[in-house]
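Asker: what follows is a predicted protein model with its sequence.
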Amino acid sequence: MNKQDLRDRVWDDLEESGEARFPFPPHGRIPNFNGADGAADRLADAPEWNEADAVKANPDSPQRPVRRRALEAGKTVYMAVPRLADPDPFLELDPDRIDDYDHATTIGGSAELGGQVGPEAVEPIDLVVSGSVAVTEAGARVGKGEGYSDLEYATLRELGLVDADTAVATTVHDRQVVDEEVPVEAHDVPMDLVVTPGRTIRTGASGGRPGGIDWDLLSEERREEIPVLDRFEE
């Protein structure tokens, strides 16, 4: 099964089973799901979480409880601005400077209460949290198909803000954990932890993590749309 067919199957299944949550429809996005709070609670029990001071998280709805838990635990949260389309491509949510954690973890609230910063102001990242459409128990992840999650990780590697030992996790519904063989390419970032409301899967994924940006995959148009890439030389 190719990645798009798998996305469509998972989106359809979440919708038809009633496990999808607002925003609707789940299609075309990182789908929100019933039990997202429980998955965030379970992730917060992981040693990788407890050892982290700075967390890079995706901005999607199902990971909002993760972002809120991080702020409540005194962790700094970083999110990429949409499509990395700014010379200062990160939003920093500093728990010491925010009074309303619930609002700060919404898309609008993060822009309002967070500070937009350049790479030089970003702390080294201790844990990366990604959103997924589907994921295997071996850690192969399928996103919504735009490639920005993997590019954000590659950019952080180029900047020296994550390394090969930085843990990468995703929170999903059990229906998003699939048995199908998922094609894995060199730029794909494997998950170390797959966390559902009911279980924590340690994937044992090792190696194969991109060490930086694969320039051959970037069109001239995309390079021009992402100013932070000007900092690097091929």
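Answerer: Structure received. Quantities reported herein were computed from a predicted structural model and do not represent experimental measurements.

Asker: wasn't Val129 part of a helix?
Answerer: No: judged by DSSP: H, G, I helix; E, B strand; the rest coil, Val129 forms no part of a helix; its state is strand.

Asker: just give the closest residue to it, not the sequence neighbours.
Answerer: Closest residue in space to Val129, ignoring its immediate chain neighbours: Ala57 at 4.4 Å, by CB to CB, 6 or more residues apart in numbering. For the C-beta atoms, the positions are set from N, CA and C on the backbone; glycine is no exception.

Asker: that neighbour reaches Arg67, doesn't it?
Answerer: Yes: counting by CB atoms under 8 Å, Ala57 does reach Arg67; the two are 5.2 Å apart.

Asker: residues shared between the contacts of the two?
Answerer: 77, 79 (CB atoms under 8 Å, 6 or more residues apart in numbering).

Asker: where does pLDDT dip in the chain?
Answerer: Applying pLDDT under 70 to the chain flags residues 206-207, 233-234.

Asker: helices or strands up against the helix of greatest length in the chain?
Answerer: Using DSSP state H to define each element, the chain has its longest helix at helix 3-17. Applying 3 or more CB pairs under 8 Å, 6 or more residues apart in numbering; DSSP states H and E, we find helix 3-17 packed against strand 134-136, strand 141-142.

Asker: distance from the chain centre to it, please.
Answerer: 19 Å (CA atoms, centre = their mean, to the nearest Å).

Asker: show me which residues of that helix are buried.
Answerer: 3, 6-7, 10-11, 13-14 (16 or more other CB atoms under 10 Å).

Asker: quick one: the residue nearest the centre of the chain from Tyr148, how far?
Answerer: By CA atoms, centre = their mean, the chain has its centre lying nearest to Ser130, at 1.9 Å. Here the criterion is CB to CB, to the nearest Å. By it, Ser130 lies 11 Å from Tyr148.

Asker: likewise for Ala70?
Answerer: 20 Å.

Asker: for Glu92, same thing?
Answerer: 19 Å.

Asker: circling back to that earlier point, residues touching the residue nearest to the centre of the chain, list them.
Answerer: 58, 141, 143, 149, 153, 168-170, 189, 191.

Asker: and which of those residues is nearest Pro31?
Answerer: Taking CB to CB as the measure, Pro31 lies nearest Gly143 of those, at 11.2 Å.

Asker: can you tell me the closest non-neighbouring residue to the closest one?
Answerer: Nearest to Gly143 is Ser149, by CB to CB, 6+ apart, at 5.1 Å.

Asker: same check on Asp88?
Answerer: Asp88's closest residue in space is Gly118 (CB to CB, 6+ apart), at 4.4 Å.

Asker: what is the neighbour count of the one you found?
Answerer: 15 (other CB atoms under 10 Å).

Asker: again with Trp215
Answerer: So Trp215, with other CB under 10 Å, has 12 neighbours.

Asker: pipe the helices and strands packed on helix 3-17 into a markdown table and attach mean neighbour count per row.
Answerer: A markdown table is the format used below for these (neighbours: other CB atoms under 10 Å):
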| stretch | mean neighbour count |
| --- | --- |
| strand 134-136 | 24 |
| strand 141-142 | 24 |
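
Asker: redo these as JSON lines? Include distance to Ala205.
Answerer: Shown next, in JSON lines, are those (distance: least, CB to CB, whole Å):
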{"stretch": "strand 134-136", "distance to Ala205": "10"}
{"stretch": "strand 141-142", "distance to Ala205": "10"}
